[in-house]
Structures are given as structure tokens and as C-alpha cells.
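Student: Using only what follows, build the 3D model:
(chains A and B)
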Amino acid sequence: MSTDGSAGSDGTAGGDGTARSALAGRPLAERLAAFVGRPAGEALRAPDPVNRPMIRHWVEAMGDENPVYVDDDEARGQGLPGVIAPPTMLQAWIMRGLRTTLEVEAARAAGRSGGTSATDQIMGLLDEAGFTSVVATNCEQHYVRPLVPGDHLEVRSVIDSVSAEKTTALGTGHFLTTRLEFSDQAGEVVGSMLFRILKFRPHPPTGPGEGAGGDAARQADRPLRPRPLLTDDNRFFFDGTKGGALLVQRCRACGTLRHPPRPACGRCRSFEWDTVEASGRGRIFSFVVNHHPQVPAFDYPLVVALVELEEGTRLVANVSGIAPDEVTIGMAVEARVEHFDADLALPVFVPAPEGAGA
Amino acid sequence: MSAPTRRFDEVAVGDALPELVVPVTRTLIVAGAIASRDYQDVHHDPVLARQRGSRDIFMNILTTNGLVGRYVTDWTGPGGLVTDVAIRLGVPNYPDDVLTFSGAVTGRDDAPGDDGRGGVELSVRGANGLGDHVTGTVRVRLPAGTAAGATGGAS
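Tutor: Residues are numbered from 1 along each chain as shown, chains lettered A, B, ... in the order given. Now for the predicted structure:
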């Protein structure tokens, strides 16, 4: 329910509206996954160029007394061409504003998804599934150059990932990560942003003054998952998941796939290797349901499975999107990449739709 | 005359930034939301915010970003060029709380680049009465040299 920065900012993620209807009736996880990598329909142009009145509103609200935002002479004294916009205003230039916000809220209240962009459709799907609250969790901005009055931004956005269903201290929900790229009137990239929100079904308030917000404290204090021990042999795997890909090591001499990563091919002894991207489809070869001991970074009961990919290799990963007592050996699953924090993304397997298994 | 700009050669890893105390008033929350064109009701309407399960209105993430940016350039002075702000939100900022920023230098380029500036990495934390509201990393480029040997701005 917090800033809907993403919904406010990536009206660009234009969907054609067909994916949703074609997937109607399919499991939510599958319908959500259909949006990943989508984008970028039409670019969205900022309603107004970078301008001094909005800069003044901003710096007065923030109590920011940096003179380079309001005084041309001071700015020139710093080697700038004149006043610049505060860098952190990047997102403000492309916010949808009051009129569109009211229109979208009215549409949502009327039971429509409230927009045609991929983000609007995802929000609509999650609303329908009961995940009605939203909270922004991460924002990473990079600025290529300072923006000056007259710059007119365009933004293109892509749905980077939609997490599997996740139980957090705030409630159960899905993390939605969007990547945005900002360019100027000359088409040059001037900045970029990663924006992550949690769209969730809130826990009932636990007492006076303990709304969803109070729970956020406990979520924020939650320890991070353990880090993988990175080596030159296995780094590709974790870099791959950060980029949303499940990679498998392949011998360049004989083509044999292998996992876990290691230096040499067990078949032909070659040290030459590259990687291929797995389809993500597979079957549960074996699994355990871990109840104890509990490590604070994980949710329990925790399903730890050995998944055999359709490519033939096996890997250990968590299973989500299904009650632990419904997991069976041999069941068809598909990989989703889940971003646990800024530095860690791992494959998590969810049940595959009927007939789609490996 | 504005405050002097901190110079790259005067900064060392481990340096602490002075604290900045920001009272979280309703005015700040609403002014920040409107200045960032964010009209989500939870940032200005206490009745609707409560209906949505929050105990009151709360600060939007764009305002948090703006305050983080201000905190860092308050320290660098007007010649600091912010290139990256990466934040993670924790507890909300409700009215009548106090947000206290702290920070430290966590990284520094070996030498200035071709632009006559050197990059510095800062860790920043903004805590209120409920805990950490924001934690993050900011990168900023500072003009090379020292204040004594400096003549004006970076170009």
C-alpha cells in the first residue's frame, strides 16, 4: 500500500492484453510468469520537462539547501551549466500524477484492472487473488548525468521478475521487480532504476498501533539468506540467476552437461566448458520437508528438493507455491528465479501446469 | 556563499558522516508526496490509510530517496555529484516520529578519474522510533584535490 512507485512509473510496460486472457484459468504463478521480460511497449514520455518550479517544490519539501538546485550562479561555480535537478527526483519526473491515479483507483474499485500495461495487469491479477496491499521495498537508481531544466525524459520499463508466492512478516505475497531506463530528448540514456514492491495479503492487525506497518520492522530485521561460496567454477550459476536465467555447465569437448559446477568433465576430462540456459522444466527426483532446526532467513516448513531438469542434470532447490504435504516424487515443476535480496537470486521450483512437465 | 565542497583527497574509508535529524511531520510526508507527484491516498489521507491497515499516513519512497540525497550532499557540499542511490525500506515513517540519518565512507577510488573527480561509496542508514526505516548505499563523485589547493569547482 505504500508508494506505488512502480505502478505510478511504469505505465510504459505496455501489454497487449492477450496474454492474460489466453492464460485465464491457469495457475496464478503461470499467469504471473507470462509477464516476465515483458515490456516495453510504447515508451512513456514525462508529462513535463525538467523544470524549476517542480525542483523548488522538491527541495523545499526535503529541506534541501544545496544551492546548485536553485541558483544558476552557484551552479556555474561548481562547473555546471546552470541549475540541475536533484538526482533523486529521477522518478518524480515520470510519476502519473493525480488524474491518472484517480482513474486507476476508480477502475480498480469497479473491478477492472485499471490499465492495460503489464504492471496494471499484474496488479489486477494479484488483487483478484487477494493480494490487495502494496509496499515498496527496494529502489536502486543510477544517474548518468545531472538533469537540467528543459530535459524531457522518456522511460521504458520491463517486468524483471515476479517472485513465487512468499510468506513475509507483512503477509503472504509476491515481489514484483521492474527495471526502468530513462532517456532524454536526444534519445541518450540519462539514468536507470530498479524498483521492487511487495504485493501482499496483509495479516490481520495484531493489536492497537500494530498495523501492517509495525510488522515491517520485523521483516526488515530478518536476516539475509546465507551467501553462496563463490568460485571461478560456480560464479556463472549465481550471475545467471541474478539475470533471471538458470544456467547449466556444458563440456565444450564432448557436450556433456554437469551440475553442480566443477572444473573438469567427468566423462572426457576436458577442462573446457561453457553454459547453456535450461528450460526450467523438470521433475522432483527426491525431497525433504524441513521443520527443524529453523534458520531465521527461511520460511518453514521448507521443502528442499532434488529436481531433475529435462536437460538431465539435477540440482537442489526450494519448492514453493504448493502445500508441503502435497509435494510428490515425480511431480512436474518449473523454475522461477526468486530475488531474495539485492545480491542473491536463486531458482525456486513451482508446480508445472498439467501436461507441461518434462 | 555556499558551503565548501568536500574534496576527494580529504576523504578516507571509515570516515563518519555527521548525523542528520529530520522530524517526520505530517507536513513533510504530504509535501514530499505532492512534490513527487505521488497521490496514493496512504500518503495524505489518514482515514483511508487506516482502512488499508496502516496505523496512519506514511512517507513515500520518493521522499525517502530525496532525504537520502539531501543527507549525502549536505555532507559533500554543492560540488558532490551523486551517481547512484540504492535503498531498501524497512519500517514506515509515520507522523510525529523522528528520522535520524547516519552514514560512513565504505569505499573510495584509488585515484581520480578523467573527469577530475574521484568516486566515494557511502553506507547510509535512516532510523526512527520503530527501527531502520531505510538502509542503503550511495555513490558520489567528489572533485580531486584538497580544500586548501582548490580554486572553485569541478569541471
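Student: Going by C-alpha atoms from here, please, whenever you check contacts or count neighbours.
Tutor: Fine.
Student: helices and strands around the lowest-mean-pLDDT helix or strand in chain B, which ones?
Tutor: Of all helical and strand segments in chain B, the minimum by mean pLDDT, DSSP states H and E falls on helix B:46-51, at a mean of 88. Here helix B:46-51 touches no other helix or strand, going by 3 or more Cα pairs under 8 Å, 6 or more residues apart in numbering or on different chains; DSSP states H and E.
Student: where's it relative to the chain centroid, distance-wise?
Tutor: With Cα atoms, centre = their mean, to the nearest Å as the basis, helix B:46-51 stands 28 Å off its chain's centre.
Student: For the stretch 51-200 of chain A, list the residues in contact with chain B, please.
Tutor: With the criterion set to Cα under 8 Å from any Cα of the partner chain, the stretch 51-200 of chain A comes near chain B through A:54, A:57-58, A:61-64, A:66-68, A:74, A:77-80, A:86-89, A:91-93, A:95-98, A:101, A:133, A:136-145.
Student: so which residue of the stretch 251-358 of chain A comes closest to chain B?
Tutor: In the stretch 251-358 of chain A, the residue that lies nearest chain B is A:A342 (8.9 Å; Cα to the nearest Cα).
Student: so where's chain A shaky on pLDDT?
Tutor: A:1-26, A:40-42, A:111-116, A:203-222, A:354-358 (pLDDT under 70).
Student: re earlier: filter the residues of the stretch 51-200 of chain A next to chain B down to just the ones in helices.
Tutor: A:M54, A:H57, A:W58, A:A61, A:M62, A:E74, A:G77, A:G97, A:L98, A:T101 (DSSP state H).
Student: among those, who's most crowded?
Tutor: Among these, A:W58 has the most neighbours (other Cα atoms under 10 Å in any protein chain shown), with 26 neighbours.
Student: which residues does it contact?
Tutor: Residues in contact with A:W58 (Cα atoms under 8 Å, 6 or more residues apart in numbering or on different chains) are A:M89, B:G32, B:A35, B:S36.
Student: got the contact list for the spatially most central residue of chain B?
Tutor: For chain B, the residue sitting closest to the mean C-alpha position, by Cα atoms, centre = their mean, is B:V68 at 1.3 Å. By Cα under 8 Å, 6+ apart, B:V68 lies in contact with B:V124.
Student: again, but for A:Q185
Tutor: So A:Q185 contacts A:D151, A:H152, A:L153, A:E154 (Cα under 8 Å, 6+ apart).
Student: and of those residues, the nearest to chain B?
Tutor: Ranked by distance to chain B (Cα to the nearest Cα), the contacts of A:Q185 are led by A:L153 at 15.2 Å.
Student: how many neighbours does that closest one have?
Tutor: 27.
Student: ok, residues contacting the least confident helix or strand of chain B?
Tutor: B:D41, B:V42, B:H43, B:R55, B:D56, B:I57.
Student: one more time with 6 Å
Tutor: B:V42, B:D56, B:I57 (Cα atoms under 6 Å, 6 or more residues apart in numbering or on different chains).
Student: can you put those residues in TSV and add pLDDT and secondary structure?
Tutor: Shown next, in TSV, are the contacts of helix B:46-51 (pLDDT from 0 to 100; DSSP: H, G, I helix; E, B strand; the rest coil):
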residue	pLDDT	secondary structure
B:V42	90	helix
B:D56	93	coil
B:I57	95	coil
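Student: Chain A next: which of the residues you listed are close?
Tutor: By Cα under 6 Å from any Cα of the partner chain, no member of these lies near chain A.
Student: hey, where'd the helices end up in chain A?
Tutor: A:5-9, A:18-22, A:28-33, A:52-62, A:72-77, A:97-109, A:118-128, A:212-220, A:235-242.
Student: Just name the most buried of those helices.
Tutor: Burial of the helices of chain A is given as mean neighbour count (mean count of other Cα atoms under 10 Å in any protein chain shown); helix A:5-9 ranks first at a mean of 24.
Student: now chain B, which segments are flagged as low pLDDT?
Tutor: B:1-2, B:148-155.
Student: Can you tell me how far the residue of chain B most remote from its centre is from A:P202?
Tutor: The outermost residue of chain B relative to its centre, with distances by Cα atoms, centre = their mean, is B:Q51 at 30.8 Å. Distance, B:Q51 to A:P202, using Cα to Cα, to the nearest Å: 12 Å.
Student: Please apply the same query to B:V134.
Tutor: 21 Å.
Student: same thing with A:G282?
Tutor: Counting by Cα to Cα - A:G282 and A:P202 are separated by 33 Å.
Student: more neighbours, these two?
Tutor: The residue with more neighbours, out of A:G282 and A:P202, is A:G282; 27 against 24, by other Cα under 10 Å.
Student: wait, that one sits on A:V333?
Tutor: Yes - contact criterion Cα atoms under 6 Å: A:G282 and A:V333 qualify, at 5.4 Å.
Student: all strands of the chain, in order?
Tutor: I'll assume chain A. With strands called from DSSP state E, chain A shows them at A:44-45, A:133-143, A:154-162, A:166-167, A:171-183, A:189-202, A:247-251, A:257-258, A:273-277, A:281-290, A:302-309, A:314-319, A:332-341, A:344-351.
Student: switch to chain B, that's the one I care about
Tutor: Under DSSP E, chain B gives strands at B:16-24, B:81-89, B:97-108, B:117-128, B:131-143.
Student: can you put those strands in JSON lines and add mean neighbour count and distance to A:R235?
Tutor: Formatted as JSON lines, the strands of chain B follow (neighbours: other Cα atoms under 10 Å in any protein chain shown; distance: least, Cα to Cα, whole Å):
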{"stretch": "strand B:16-24", "mean neighbour count": "16", "distance to A:R235": "34"}
{"stretch": "strand B:81-89", "mean neighbour count": "23", "distance to A:R235": "23"}
{"stretch": "strand B:97-108", "mean neighbour count": "20", "distance to A:R235": "23"}
{"stretch": "strand B:117-128", "mean neighbour count": "22", "distance to A:R235": "24"}
{"stretch": "strand B:131-143", "mean neighbour count": "23", "distance to A:R235": "24"}
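Student: quick one: which of these is nearest A:D184?
Tutor: Checking the strands of chain B against A:D184 by Cα to Cα gives strand B:81-89 as the closest, at 16.7 Å.
Student: Kindly give a single PyMOL line that selects the buried subset of the residues of the stretch 51-200 of chain A next to chain B.
Tutor: A single PyMOL command selects the buried members of those (16 or more other Cα atoms under 10 Å in any protein chain shown):
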select buried, chain A and resi 54+57+58+61+62+64+66+67+68+74+77+78+80+86+87+88+89+91+92+93+95+96+97+101+133+136+137+138+139+140+141+142+143+144
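Student: Noted, bye for now.
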